[in-house]
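I would like the atomic coordinates for the input below:
(2 chains)
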Amino acid sequence: MTENNGKIKKMMIILSKASLENVYAAFVLANGARMEGIEAELFFTFFGLEAINKKKMDSLHIATVGNPAMHMPTMIGGLPGMEALATTMMKKEMEKVDMPEVPEFLDILYASGVKMWACKLAFDMFHYKEEDLYEGVDDIITVSDFYKRSEGEGVHMLFI
Amino acid sequence: MEKTIAGKIITVNEEGYLTDFSQWDENVGTELASEANIDLTPRHWEVLKYLQKEQQNQVALSIRRVGKSGVVDIKEFYSLFPNAPLKTSTKIAGIPKPASCI
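Residues are numbered from 1 along each chain as shown, chains lettered A, B, ... in the order given. All right, here's what the predicted structure looks like:
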């Protein structure tokens, strides 16, 4: 425990999926870091970009297929409307524990000083335009830029 | 454990939060703030009074709730109480540390 006395100074969180459960995991961890006085940065890559896409962020879903924690047969989970139903039910529970919806959560993170980066490779691959992105996104950067930002003592990196 | 602050003996837990709000007064708050390197301005006091009122009404405090309070927005909250605003402000206000993840 010599490095920085073992203290976490900064969390670098990479979000690569846009199912609601993954997006919330990344957001809660980033927000929780700021609440503890720890710096936090989010790197949105691959499907994770949907969480900062203004047109898509409102309609992210819980994964009902291939998610063993749903405790439903895969065939049922794949039925039309199933993801929407599970998502609606889950959102009600989330509101009860004061969990904001994705756009509001992004505003909270932005106001809390969380840095947000869009991955250039994924941005180009999915033919995104800058105006597609949430206004609080700092920039579109490469993996190399992100590693550069992660240098230093007490910096932890997390892939979700 | 006991601690002498602003000429007064107060009881705090191991994280430094007051365990008995009746021991709190503005001098104690000012002193606790200076321990956190914060000089309290009228804006700080508005926020602290709001937090105490919420605690009195047994409202669970969270960053989101403070941001929606109409008293202070999240950005200003972070600038008034840098680093860990909810933890720092509640300690200064003499109320328990919120157990919120949001």
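
my guess is residue A:107 is in a helix, correct?
Yes: with DSSP: H, G, I helix; E, B strand; the rest coil as the criterion, residue A:107 is located in a helix.

Quick check: it touching residue A:136?
Yes: applying Cβ atoms under 8 Å, one finds residue A:107 in contact with residue A:136, separated by 7.2 Å. Placement of C-beta: from N, CA and C, glycine included.

which one of those two has more residues nearby?
residue A:107 (19 against 14; other Cβ atoms under 10 Å in any protein chain shown).

By neighbour count, which bits of the lowest-mean-pLDDT helix or strand in chain A are buried? Give me those.
In chain A, no helix or strand scores lower on mean pLDDT, DSSP states H and E than helix A:74-77, which sits at a mean of 81. Buried residues in helix A:74-77, defined by neighbour count with 16 or more other Cβ atoms under 10 Å in any protein chain shown: residue A:77.

what do you get for stretch B:36-45?
Going by neighbour count (16+ other Cβ under 10 Å), the buried part of stretch B:36-45 is B:36, B:38, B:40, B:44, B:45.

Helices of chain A, start to end?
A:20-35, A:74-77, A:82-96, A:102-111, A:120-125, A:143-149 (DSSP state H).

Same list, those, but as a markdown table with distance to chain B please.
Shown next, in a markdown table, are these (distance: least, Cβ to the nearest Cβ, whole Å):
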| stretch | distance to chain B |
| --- | --- |
| helix A:20-35 | 6 |
| helix A:74-77 | 28 |
| helix A:82-96 | 10 |
| helix A:102-111 | 4 |
| helix A:120-125 | 27 |
| helix A:143-149 | 20 |
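
ok, residue A:104 - how many residues close by?
Other residues lying near residue A:104 total 13 when counted by other Cβ under 10 Å.

if you skip the residues just before and after it, what's nearest to it?
Nearest non-adjacent residue to residue A:104, counting by Cβ to Cβ, 6 or more residues apart in numbering or on different chains: residue B:64, 7.9 Å away.

again, but for residue A:158
Closest to residue A:158 by Cβ to Cβ, 6+ apart is residue A:13, at 4.9 Å.

so who does the residue lying closest to residue A:67 once chain neighbours are set aside touch?
Spatial nearest neighbour of residue A:67, excluding adjacent residues (Cβ to Cβ, 6+ apart): residue A:77 at 7.3 Å. Residue A:77 makes contact with A:64, A:65, A:66, A:67, A:70, A:83, according to Cβ atoms under 8 Å, 6 or more residues apart in numbering or on different chains.
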